[in-house]
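**Q** The following comprises the amino acid sequence and a computationally predicted model.
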Amino acid sequence: AQSVAQPEDQVNVAEGNPLTVKCTYSVSGNPYLFWYVQYPNRGLQFLLKYITGDNLVKGSYGFEAEFNKSQTSFHLKKPSALVSDSALYFCAVRDITRNYGQNFVFGPGTRLSVLP
Amino acid sequence: ETGVTQSPTHLIKTRGQQVTLRCSSQSGHNTVSWYQQALGQGPQFIFQYYREEENGRGNFPPRFSGLQFPNYSSELNVNALELDDSALYLCASSSWWAGETPEQYFGPGTRLTVT
């Protein structure tokens, strides 16, 4: 079965410092990986995706993610954190165990707090 | 370009009642998925609709049902509400064609409270 793990419930980082939010995955076949961000009382906003190609994927708001096949990881990164980046971050993988559809399996989420 | 919209924003129901949640997909999108997000958890896939037919279902009982209309909008219906159904219900739309893996765009959600 497809699954996603986010090993850290909470990540704290000082404003201006680089941030990393970790994600590891377990899939059958090629992984299709996504990162989403959720602000309080809001839906999820798409940040970036990895389908194929370069292992470093660039996304919205200065975020990027590094795909590592040997470590089955897809960590989200940003060179310089902003207080406004404080939110809940979800890693997701496309579920290909079903014969149809494009549904995603989400991780449990990591709460990022950027301290001024 | 209009984003995904959902109604109502909040809803309070009593155990045993039925509820209908509504979603309008983003312009140009032909696929709608519904997710349940319990407090402190990631979204869980309920089902997906493509061309007005259910096109994949998660581990949810039959009392969770849905519809998709010709304009690609969608409804989620839940019968015989239980306390555990209290959650944020998210609708996501995408433009799915064979061989593609598009990102899904989410609405703001409907917060359902069952008492």
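**A** Right, received. Where do you want to start? Numbering: from 1, shown residues only, chains lettered A, B, ... in the order given.
**Q** Leaving out chain neighbours, which residue sits closest to B:Glu75?
**A** Counting by C-beta to C-beta, 6 or more residues apart in numbering or on different chains, B:Leu67 is the residue found nearest to B:Glu75 once chain neighbours are left out, at 4.7 Å. Using the backbone N, CA and C atoms, a C-beta is placed for each residue, glycine as well.
**Q** Is the closest residue to B:Gln104 other than its chain neighbours bridged to anything, and to what?
**A** With sequence-adjacent residues excluded and distances taken as C-beta to C-beta, 6+ apart, B:Gln104 is closest to B:Ala92, at 3.8 Å. In this structure, B:Ala92 bridges to B:Ser33, B:Phe106 when assessed by DSSP bridges.
**Q** wait, doesn't B:Ala92 sit right on B:Val4?
**A** Yes. Using C-beta atoms under 8 Å, B:Ala92 makes contact with B:Val4 at a distance of 6.9 Å.
**Q** which of these two has more neighbours?
**A** B:Ala92 (29 against 23; other C-beta atoms under 10 Å in any protein chain shown).
**Q** got a list of what that one touches?
**A** If you count contacts by C-beta atoms under 8 Å, 6 or more residues apart in numbering or on different chains, B:Ala92 has them with A:44, B:4, B:32-35, B:104-107.
**Q** Tell me the pLDDT of the spatially most central residue of chain B.
**A** What sits nearest the mean C-alpha location of chain B, by C-alpha atoms, centre = their mean, is B:Trp34, with 2.8 Å. B:Trp34 is assigned a predicted lDDT (pLDDT) of 96.
**Q** That one contacts B:Val78, doesn't it?
**A** No. Assessed by C-beta under 8 Å, B:Trp34 is found out of contact with B:Val78, at 10.2 Å.
**Q** coming back round to it: can I get the CA coordinates of the one helix or strand the residue nearest to B:Glu75 maps to in CSV?
**A** With elements delineated by DSSP states H and E, B:Leu67 resides in strand B:64-68, which encompasses its position. Written as CSV, here are the backbone C-alpha positions of strand B:64-68 (Å, rounded to 0.1, in the frame of the first residue of the first chain):
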residue,chain,number,x,y,z
PHE,B,64,-21.1,8.4,2.4
SER,B,65,-22.3,9.0,-1.1
GLY,B,66,-21.9,11.6,-3.8
LEU,B,67,-22.9,13.1,-7.1
GLN,B,68,-21.2,15.0,-9.8
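**Q** gap between it and the chain center?
**A** For strand B:64-68, the distance between its averaged C-alpha position and the chain's averaged C-alpha position is 8 Å (C-alpha atoms, centre = their mean, to the nearest Å).
**Q** swap in stretch A:47-67?
**A** Computed by C-alpha atoms, centre = their mean, the separation of stretch A:47-67 from the middle of its chain amounts to 9 Å.
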